[in-house]
Each structure stands twice: as C-alpha cells, then as structure tokens.
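**Student:** Here you go, sequence then predicted model.
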Amino acid sequence: MENQAEKSLEELLFDMMVNMGVPAHLKGYHYLKAAVMLVSEDMRAVGSVTKLLYPEIAKRYNTTDGKVERAIRNAIEVSWERGNPKAFEELFGYSKENGYTRPTNSEYIAAIADALILKGMAS
C-alpha cells in the first residue's frame, strides 16, 4: 500500500516537472526529482539545502554537492526560460512573462514539494 502511494507521488512529480518544462535529459532533472522527493518526506530539509539536501543527493549519485547544486540550478534556469509560463503562474504566482527573475533552487524545490504533497493528499 505504501509503495502504491509513493509511486503515485512519483507520477505526480513527473507530470509536474514535464509541465514546468524541466528537460529529462539533464542531470539536474534527476537531482531535482530526488530533492523534491526528499523534501516532500521532510519539509525541514529545504531549510538546509547546502548542508543536508545536496550532500544526500551527491552521495546517492556519487558526485559532489557543488555539481548537484549547479545541475539543479541549470535545470531550473532551462525550465524558467523554455517552460510553460502558466505552470509557473499557478505554482509561484509569477512567471518570466511578468518580468520576474527565476525562483531560487530552494524556492523551486519547496514549491513543487508543497504542491506535490497537496495533490497527493487530494488523490
């Protein structure tokens, strides 16, 4: 039963990331996906992205914290530039079209994790 719920959260996350325009071929996509899943399990992790989140992801993927941070930032920048502005409006209340700068890594991760949790509870 728990595995079913986890799978549906992953499916929701996949749908959200596709809608946000995060390209699946980027390393940052996979790191971002892992970050959101970790934060959706424990929202406190978003408060310590550099001390907890990035090191945990780096360990899982056998890389460095810095590479994880840069890859996530790149994936967010790509989605911000090429993604669906309406998806950003829905999630953040603003988009590139309104002249705003992209959300930070932690803002992006927290917003998607929040939305994921809310959608997961609703289903």
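**Tutor:** Arrived safely.

**Student:** residue ranges with poor pLDDT in this protein?
**Tutor:** Within the chain, the stretches with pLDDT under 70 are 1-7, 121-123.

**Student:** Report the contact partners of residue 100.
**Tutor:** By Cβ atoms under 8 Å, 6 or more residues apart in numbering, the contact set of residue 100 is residue 94. Every C-beta, even on glycine, is put in place using the N, C-alpha and C of the backbone.

**Student:** all strands for the protein, in order.
**Tutor:** Remark: no strands are assigned in the chain by DSSP state E.

**Student:** Nearest spatial neighbour of residue 47, chain-adjacent residues omitted?
**Tutor:** Take residue 47 and drop its neighbours on the chain: the residue closest to it by Cβ to Cβ, 6 or more residues apart in numbering is residue 106, 7.9 Å away.

**Student:** That neighbour against residue 51, yeah?
**Tutor:** No: at 11.9 Å, residue 106 and residue 51 do not qualify as touching, with contact defined as Cβ atoms under 8 Å.

**Student:** So which of those two has more stuff around it?
**Tutor:** residue 106 (18 against 11; other Cβ atoms under 10 Å).
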